[in-house]
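Engineer: need a 3D model of the following:
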Amino acid sequence: MAITSALETADDLGIDLSFCAQRVDGSGPVLSHRADALWPGASLYKLPAGIALHRAKEDRLSEPVLVLPQHRVDGGAGLSLMEDPVTVTWRELVRFMLVGSDNTAAAIILDEIGIPAVDAVALDAGMRDSTIASAAETVRQSVDTARRRSSFTTGRDLDDDLLDFTRTDQVLGSLTTAADQVRLLSSLWSGALMDSRGTNMICSMLAQQIAPTRISRTLSYPGVRVAAKTGTRGPFRHDSAVVSHERETPVAVSVLTRSLEFDRLIPAIDDGIGGIAASLVDGIRSESSHGGWQSG
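Structural biologist: Numbers count the residues shown, from 1 in each chain. This is a model prediction of the structure:
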């Protein structure tokens, strides 16, 4: 019923999607649909980047970092909006990146640690398919894959407009899958990627979203805690979260979507992502810890 409800919501909104949901300890059912399909992950790469930064700076997170105007990159809330030089710490750069999805903080962090450090986090988390590259390259790979799988041939379409849109973009992106996002969140929550101090820091930051949206908005009620990271790029709107109910094993859920109408119905899609995730979490919670099922 949870999978059927999710697919009906997607049909109503006119979106393509994949999703995956499972308890963070790996027990119980896995609810999924096209969970291994590759998507441009947009800002979802910022979570492994934050983990990699903590690994590199574990005892030096309070060191000051001078952010100059020439360091700034458009996008996100925080440093990207400021005009004057600002001094912050590495810890607060991670907070800007995860809480406000600040692209300036992300660019500084990636320049410091390097993409191989982020790839190492993905490897340790068991993320089988996720990679980091330029936004233009990740979108091109996704479009090429979609076109190879399609039986239709057309003239210029939405994908061509999207490719043009990303060619001038300098912000790093990622390719990822819903299954990989659940693996990352589960590994983080289990403490497999960092010590307890680092794990608590990153998990707490994920719960400090500036304004509830998508999953955190829909599941914002007493007795539940949502720690989430969104990813947004053109028609791609994603959310990956750990949903914790009191005295229950938390559930990791990832919903990755692509609107079939560029930049339209955005509030409805955001609410739809939250509704899809809520139905999946409810499905996990209603099942016993034995058995499970998947959708293709």
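Engineer: skip the chain neighbours and tell me the closest residue to Ser220.
Structural biologist: Pro212 (5.0 Å; C-beta to C-beta, 6 or more residues apart in numbering). All C-beta atoms are positioned from the backbone trio N, CA, C, and that covers glycine.
Engineer: quick check: that neighbour vs Arg34, distance?
Structural biologist: 27 Å (C-beta to C-beta, to the nearest Å).
Engineer: more neighbours, those two?
Structural biologist: Of the pair Pro212 and Arg34, Arg34 is the one with more neighbours under other C-beta atoms under 10 Å, namely 18 against 14.
Engineer: residues touching that one, list them.
Structural biologist: Counting by C-beta atoms under 8 Å, 6 or more residues apart in numbering, Arg34 touches 17-19, 178, 296.
Engineer: over to His71?
Structural biologist: Shown in contact with His71 (C-beta under 8 Å, 6+ apart): 104, 107-108.
Engineer: next: Trp189.
Structural biologist: 24, 199, 203, 242, 250, 252.
Engineer: skipping its backbone neighbours, what lies nearest the residue nearest in space to the middle of the chain in space?
Structural biologist: With distances taken as C-alpha atoms, centre = their mean, Leu44 lies nearest the centre of the chain, 3.2 Å away. For Leu44, ignoring the flanking residues on the chain, the nearest one in space by C-beta to C-beta, 6+ apart is Gly231 at 4.0 Å.
Engineer: what of Asp180?
Structural biologist: Met127 is the one closest to Asp180 (C-beta to C-beta, 6+ apart), at 4.0 Å.
Engineer: run a quick neighbour tally on the one you found.
Structural biologist: Neighbour count for Met127, taken as other C-beta under 10 Å: 21.
Engineer: that one belongs to a helix, doesn't it?
Structural biologist: No: the assignment for Met127, made by DSSP: H, G, I helix; E, B strand; the rest coil, is coil rather than a helix.
Engineer: that one against Leu185, yeah?
Structural biologist: No: the pair Met127 / Leu185 is not scored as a contact, 10.6 Å apart, by C-beta atoms under 8 Å.
Engineer: okay, the helix or strand where the residue nearest to Leu44 lies in CSV with CA atoms only?
Structural biologist: Using DSSP states H and E, Gly231 sits within strand 224-233. Only the C-alpha atoms of strand 224-233 are listed here, as CSV (Å, rounded to 0.1, in the frame of the first residue of the first chain):
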residue,chain,number,x,y,z
VAL,A,224,9.2,12.7,15.7
ARG,A,225,12.6,14.2,14.8
VAL,A,226,13.7,14.6,11.2
ALA,A,227,17.3,15.0,10.1
ALA,A,228,17.5,15.7,6.4
LYS,A,229,19.5,17.1,3.5
THR,A,230,17.7,18.3,0.4
GLY,A,231,19.1,18.6,-3.2
THR,A,232,17.7,20.9,-5.8
ARG,A,233,18.8,21.6,-9.3
